[in-house]
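Novice: Fold the following for me, if possible:
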Amino acid sequence: MNVHDFSVVALSGATVPLSQYRGKVLLIVNTASQCGFTPQYKGLEQLYREFGERGLEVLGFPCNQFRNQEPGNAVEIAAFCEENYGVSFPLFAKIDVNGEHADPLFQYLKQVAPGLLGTKRIKWNFTKFLVAKDGSVYRRYGPPTKPEDIAADIEKLLAQ
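Specialist: Here you go, the predicted model:
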């Protein structure tokens, strides 16, 4: 099993099989519009623009589980991201990343790439998972890790 075995729902409501990203490096992030880390959207967009033509896809998953920092609906989330950060990478439907209703993709990501001290929970918005071209999870990064600090790892995976 790997990331390519999952399907997710786009902000538009369409089902998206992650198998369509086979052969690409993925940076999967749980996002929020009213978080102290929200400015990371700018860095994520920069990575997408810098490495997109070489095979990087940034996939944003809005989540409202951390102090209700993503209260908007799909239209509001898309407008906020585009207007404030010029986001052009794919955004998906709002999901839960923890608890009994956690999205299956995030259940899997947490299982194969636990956090600090082996924790399975996602502690906050902008937790990032870097996925290799074959769908295997390469590494998990905590919210404080800036997108630009992941560039070297992205370069490494793109070169493989």
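Novice: Tell me where the protein has helices.
Specialist: In chain order, the chain shows helices spanning 40-51, 74-85, 104-112, 151-159, with DSSP state H as the criterion.
Novice: The last one: which residues count as buried?
Specialist: Along helix 151-159, the positions that meet the burial threshold by neighbour count (16 or more other Cβ atoms under 10 Å) are 151, 154, 157. Bear in mind the C-beta positions are built from the backbone N, C-alpha and C, glycine included.
Novice: And for the first one?
Specialist: Residues of helix 40-51 classed as buried under the neighbour-count rule (16+ other Cβ under 10 Å) are 40-41, 43-48, 51.
Novice: As JSON lines, the helices of the chain with distance to T145 and mean pLDDT would be great.
Specialist: JSON lines is the format used below for those (distance: least, Cβ to Cβ, whole Å; pLDDT from 0 to 100):
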{"stretch": "helix 40-51", "distance to T145": "9", "mean pLDDT": "98"}
{"stretch": "helix 74-85", "distance to T145": "18", "mean pLDDT": "96"}
{"stretch": "helix 104-112", "distance to T145": "15", "mean pLDDT": "97"}
{"stretch": "helix 151-159", "distance to T145": "10", "mean pLDDT": "98"}
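Novice: closest to I28 out of those?
Specialist: Across the helices of the chain, I28 has its closest neighbour in helix 104-112 (6.7 Å, Cβ to Cβ).
Novice: what helices or strands is the closest one leaning on?
Specialist: Helix 104-112 sits against strand 25-31, strand 137-141, with contacts defined as 3 or more Cβ pairs under 8 Å, 6 or more residues apart in numbering; DSSP states H and E.
Novice: what does it rub up against?
Specialist: Taking contacts as Cβ atoms under 8 Å, 6 or more residues apart in numbering, the residues outside helix 104-112 that touch it are 1, 3, 6, 8, 18, 28, 30, 61, 95-98, 102, 120-122, 129, 137, 140.
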